[in-house]
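Engineer: Next comes the sequence, and after it the predicted model I'd like to discuss.
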Amino acid sequence: MCQPVAWPRSMIARRHEINLQFNQFIDAVLLGTVFWFAHFIRFNGLIILDSLWTIDGFGRFVWILAVIMPFGPFLLEMQGFYNYPLEKSAWKSVRQMTAAGLWLFVLLGSAVIFLRLDVPSRSVLILFAIFAPIALLLRERIYVWHYVRRLRQGAVGERIIVAGERKSMGELMNTLTPAQKLEVQVVAAIDLETNGIETLVEALHRHAVGRVVLTFHRMELDKVQRAIEACETEGVEAWLNADFIHTSVARPSYEVLAKRPMLVFRASPELSWAMLVKASSDRVLAAIGLVVLSPLFVIVAIAIRCTSPGVVFFRQKRAGLHGHPFNMWKFRTMCADAEDLRGELSSRNLMKGPVFKVEDDPRVTKLGAWLRRTSIDEFPQLLNVLKGDMSLVGPRPLPVYEVEKFEAAAHRRRLSMKPGLTCLWQIRGRNKVTDFQDWVRMDLEYIDNWSVFLDLYILIRTIPVVLLGSGAK
């Protein structure tokens, strides 16, 4: 499938950039398949456009395939075929494919002339030239229909906050194309000329967004800097309208939104192939884990019902990516009225900070103590991983009411990555950590140094921690 709107490299647009590479691979396979099909038709005499009755087998045509598959998608990209599919007509796509096709046949002709390679049948090339544009255009139109449908259903898209000068914000919004307005939902527009930075921070807490667009003409740079710092501490991308920067001045790389240059300041890993591998492997491994552990789930569920009155699963609102709340699942390890008794135990809290941890918690059942020591109580969170609310590795999700008590703004940066089943905190002692600052420091260490190999390291280190119950209470 072709790459949708290529204007900003936000989370959506970076995903589209990755899709471009993947889609070029799909196009290469599609062109190769069409070429094989053209040979199949001609070889079996279904359509004959030359004077020959029989032609050679496909092996004689492999060198043509070796030119078509790698150079076809490249030439399509050079003609802009993958750009703005939601905003271009089918006729424009046909013109782009025609131009790319002419260059492709120039390459084939050059190979025949200079490398003295042979074209065993011109019919195959003619049939390919007829079928390939039809296949590509059909694929593109199906994709556009499917993508627009998903946008309107809210399955894809991005929520953002726009902040800055009122006039500049209006100009930015007016220059968004209809397709861009489908992909971006502005959940808040904050006039920083009349409101303080705290208004922006409150909006970040109220709306689960991953990007703030700052746009202005004459605003004080001190206020702009404080707005960027607020986004940085929250772990949210800050996009600065940089059309005041001349191209002759040395500058960092920037992105484009509504045809305006934007400086981007990131405080968390950006979307990449590695992040997509992480997301895909999370769901695959979670599905496998749920299947393998299903007998254990049944046994634990029966044991909980037999040893303690109440529900089997404990469900609680936790803060996910960018603070977006979700229902996290665990096996119930406490008595049914545990939440009502929490206030009575506040004086026994071992953690310094907003997190609540109690040693020898009287609310924990005997079976619950064993489930916690073996971490079996956490296994239902594989459902959250499969759903996409959590990852296998990431900062542990905290209850929403604890996140609301964060005193240091920097603590919220731990929300800039999807929460996980395990993390550095899990493998470095868990309950031995009594200061929330140390917990946050380990989470930020993970975020700042994230890689697939770090995830693999943490997963491997988690296995003996779970089996031995190290640091668990």
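Structural biologist: Nice, thanks for sending it over.
Engineer: Report how many residues lie close to the closest residue to residue 86 other than its chain neighbours.
Structural biologist: Leaving aside its chain neighbours, residue 86 sits nearest to residue 179 (3.9 Å; criterion: C-beta to C-beta, 6 or more residues apart in numbering). No exception for glycine: its C-beta is placed from N, CA and C like everyone else's. Neighbours of residue 179 under the rule other C-beta atoms under 10 Å: 20.
Engineer: In which helix or strand does residue 179 reside?
Structural biologist: In this structure, residue 179 sits in helix 178-183 according to DSSP states H and E.
Engineer: immediately after that helix, which helix or strand?
Structural biologist: Immediately after helix 178-183, counting by DSSP H and E, sits strand 184-191.
Engineer: For the helix holding residue 179, which residues meet the burial criterion?
Structural biologist: By 16 or more other C-beta atoms under 10 Å, the buried positions in helix 178-183 come out as 179-180, 182-183.
Engineer: okay, residue 88: pLDDT?
Structural biologist: Note for residue 88: predicted pLDDT of 85.
Engineer: Tell me the secondary structure at it.
Structural biologist: Of the three states, residue 88 takes coil according to DSSP: H, G, I helix; E, B strand; the rest coil.
Engineer: since we're on it, how many residues are nearby?
Structural biologist: Applying other C-beta under 10 Å, we find 17 residues neighbouring residue 88.
Engineer: what sits against it?
Structural biologist: Residues in contact with residue 88 (C-beta atoms under 8 Å, 6 or more residues apart in numbering): none are found.
Engineer: how near is it to residue 148?
Structural biologist: Note on residue 88: its distance to residue 148, by C-beta to C-beta, to the nearest Å, is 13 Å.
Engineer: Okay, now the unreliable bits of this structure?
Structural biologist: Along the chain, the parts satisfying pLDDT under 70 run over 1-16, 242-254, 349-351, 430-431, 469-473.
Engineer: residues touching residue 342, list them.
Structural biologist: Each residue near residue 342 by C-beta under 8 Å, 6+ apart is listed here: 356, 363.
Engineer: That one in helix, strand or coil?
Structural biologist: Going by three-state DSSP: residue 342 is helix.
Engineer: how much space is there between it and residue 359?
Structural biologist: From residue 342 across to residue 359, the span is 15 Å (C-beta to C-beta).
Engineer: Residue 422 - how many residues pack around it?
Structural biologist: Residue 422: 23 surrounding residues under other C-beta under 10 Å.
Engineer: Can you name the helix or strand that the residue lying closest to residue 127 once chain neighbours are set aside falls in?
Structural biologist: Nearest residue to residue 127 in three dimensions, chain neighbours excluded: residue 38, at 3.8 Å (C-beta to C-beta, 6+ apart). Secondary structure assignment for residue 38, by DSSP H and E: helix 11-43.
Engineer: quick one, domains of the chain?
Structural biologist: Using automatic domain parsing, the domain parsing of the chain gives 11-153, 158-265, 273-468.
Engineer: Let's verify the residue nearest the centre of the chain: helix, strand, or coil?
Structural biologist: In the chain, the centroid-proximal residue (C-alpha atoms, centre = their mean) is residue 271; its distance is 5.7 Å. Taking three-state DSSP as the rule, one finds residue 271 in the coil state.
Engineer: how close does it get to residue 19?
Structural biologist: Distance from residue 271 to residue 19, by C-beta to C-beta: 11 Å.
Engineer: quick one: secondary structure of the residue nearest to residue 119 when sequence neighbours are not counted?
Structural biologist: Leaving aside its chain neighbours, residue 119 sits nearest to residue 112 (6.2 Å; criterion: C-beta to C-beta, 6+ apart). Here residue 112 is recorded as helix under three-state DSSP.
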